[in-house]
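In: got a structure for you, letters missing:
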């Protein structure tokens, strides 16, 4: 399989020129409104997997249709398309199997089928896997050399969306070492970068912001992930201590004014004030 030279998920880079946009209000992280809901999706997929091993394709279809009606997390959604492809291959519907495996590889380009699966499915899968494809990609940029206390500006852009399923995203952030995530929700649109300005950290020492992101389709399925809560990306932030009072410009300006005033008084006294004695000679004639 040949791929365009773009990394899956989010290409993150510390080098955005300028990021505008409004500061975003962060909501609590999952579990909360706006988080993907899996429900009994995993149970449905487990039942489908059992039916696949028994070649009971009617049960497989029923279970997968029930799972597809729910918003699924990324792993579950990829499993859904894997099982659809296998079931179609078992039914000798190569066209449907190829379409399902193509979607699976859009979700997980490094995916491999288990060697225990029938060659009926693996042959079709490998044929699809050898095809050229463009991976769904989102590019995220932020400026270098951020300081503690300043906002964290991000630019999020859809670079490639061959399946047209990147509809919205949720970016999760926290201070390194914190247990609680907060999230910002936004829409995704090809050719229209999203500008976010996340709140800064109130710290008196160097710190770092941790991030991960999920992108969703219009049904709420997680179709792309970048990092995760266990392996987040990190933005370091340097700390600049406040300038001591005796180094501030206004202190030296005031001091300069005092010195200048004192110097002027001295000059006046030495050049303009009348002297206490007047020199000269007196001629006395008898």
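Out: Okay, I see it. Here the structure is a predicted model, which is why all the values come from computation and not from measurement.

In: can you give me the helices for the stretch 151-286 of the chain?
Out: Taking DSSP state H, counting those that start in this stretch, the helices of the stretch 151-286 of the chain run over residues 249-271.

In: quick one: low-confidence ranges for it?
Out: Counting by pLDDT under 70, the ranges of the stretch 151-286 of the chain that qualify are 244-286.

In: how much space is there between the closest residue to residue 187 other than its chain neighbours and residue 223?
Out: Excluding its sequence neighbours, the residue lying closest to residue 187 (CB to CB, 6 or more residues apart in numbering) is residue 168, at 5.1 Å. Quick note: C-beta positions are derived from backbone N, CA and C, even for glycine. Between residue 168 and residue 223 the computed distance is 10 Å (CB to CB, to the nearest Å).

In: Pull up the overlap in contacts between these two.
Out: 215-216 (CB atoms under 8 Å, 6 or more residues apart in numbering).

In: Looking only at neighbour counts, state which of those two leads.
Out: More neighbours surround residue 223 than the other of residue 168 and residue 223, with 23 against 17 (other CB atoms under 10 Å).

In: so who does that one touch?
Out: So residue 223 contacts 74, 77, 106-107, 136, 163, 165-166, 215-217 (CB under 8 Å, 6+ apart).

In: at 6 Å what do you get?
Out: For residue 223, the contact set (CB atoms under 6 Å, 6 or more residues apart in numbering) comprises 165, 215, 217.

In: what's the average pLDDT for stretch 64-83?
Out: Mean per-residue pLDDT for stretch 64-83: 96.

In: quick one: buried residues of that stretch?
Out: For stretch 64-83, a neighbour-count test (16 or more other CB atoms under 10 Å) marks 64, 66-68, 70-74, 76-83 as buried.

In: now it, how far from the chain's geometric center?
Out: Chain-centre distance of stretch 64-83: 25 Å, with CA atoms, centre = their mean, to the nearest Å.

In: Show me what that stretch is in contact with.
Out: The contact list for stretch 64-83, computed with CB under 6 Å, 6+ apart, reads 36-39, 41-42, 44-45, 48, 84, 100, 103-104, 107-108, 220-222, 225.

In: Is there a quick PyMOL command that grabs whichever of these are buried?
Out: Selection of buried members from those for PyMOL, criterion 16+ other CB under 10 Å:
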select buried, resi 36+38+41+42+44+45+48+84+100+103+104+107+108+220+221+222+225
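
In: So which of the contacts of stretch 64-83 belong to strands?
Out: With strands taken from DSSP state E, the overlap with the contacts of stretch 64-83 comprises 222, 225.

In: quick revisit: could you check how far the residue nearest to residue 187 is from residue 157?
Out: In terms of CB to CB, residue 168 sits 14 Å off from residue 157.

In: what's the answer for residue 139, then?
Out: Counting by CB to CB, the separation of residue 139 from residue 157 is 5 Å.

In: Which residues are in contact with residue 211?
Out: The contact partners of residue 211, by CB under 6 Å, 6+ apart, come to 173, 232-233.

In: could you redo the last one with a cut-off of 8 Å?
Out: Applying CB under 8 Å, 6+ apart, the residues near residue 211 are 171-173, 227, 232-235.

In: And residue 45, by the same measure?
Out: Applying CB under 8 Å, 6+ apart to residue 45 gives the contacts 63-64, 67, 76, 79-80, 83.

In: Taking these together, which two end up most distant?
Out: For those, the farthest-apart pair by CB to CB is 63 and 76; their separation is 12.5 Å.

In: Show the backbone phi and psi for residue 122.
Out: Main-chain torsions, residue 122, degrees, to the nearest 10: phi -70, psi -30.

In: thinking it is in contact with residue 113, fair?
Out: Yes: the pair residue 122 / residue 113 is scored as a contact, 5.4 Å apart, by CB atoms under 8 Å.

In: where along the stretch 1-150 of the chain do the strands fall?
Out: For the stretch 1-150 of the chain, the strands defined by DSSP state E, counting those that start in this stretch occupy 9-14, 27-28, 137-142.

In: Let me see the mean pLDDT of the last one.
Out: Computed over strand 137-142, the mean pLDDT rounds to 90.

In: Name every strand pairing with that strand and say which way it goes.
Out: strand 9-14 (parallel), strand 152-160 (antiparallel) (DSSP bridges).

In: now the angle from the last one to strand 222-226?
Out: So the one you mean is strand 152-160. Orientation note: strand 152-160 sits at an angle of 130 degrees relative to strand 222-226 (axes from the mean of the first three to the mean of the last three CA atoms, to 10 degrees).
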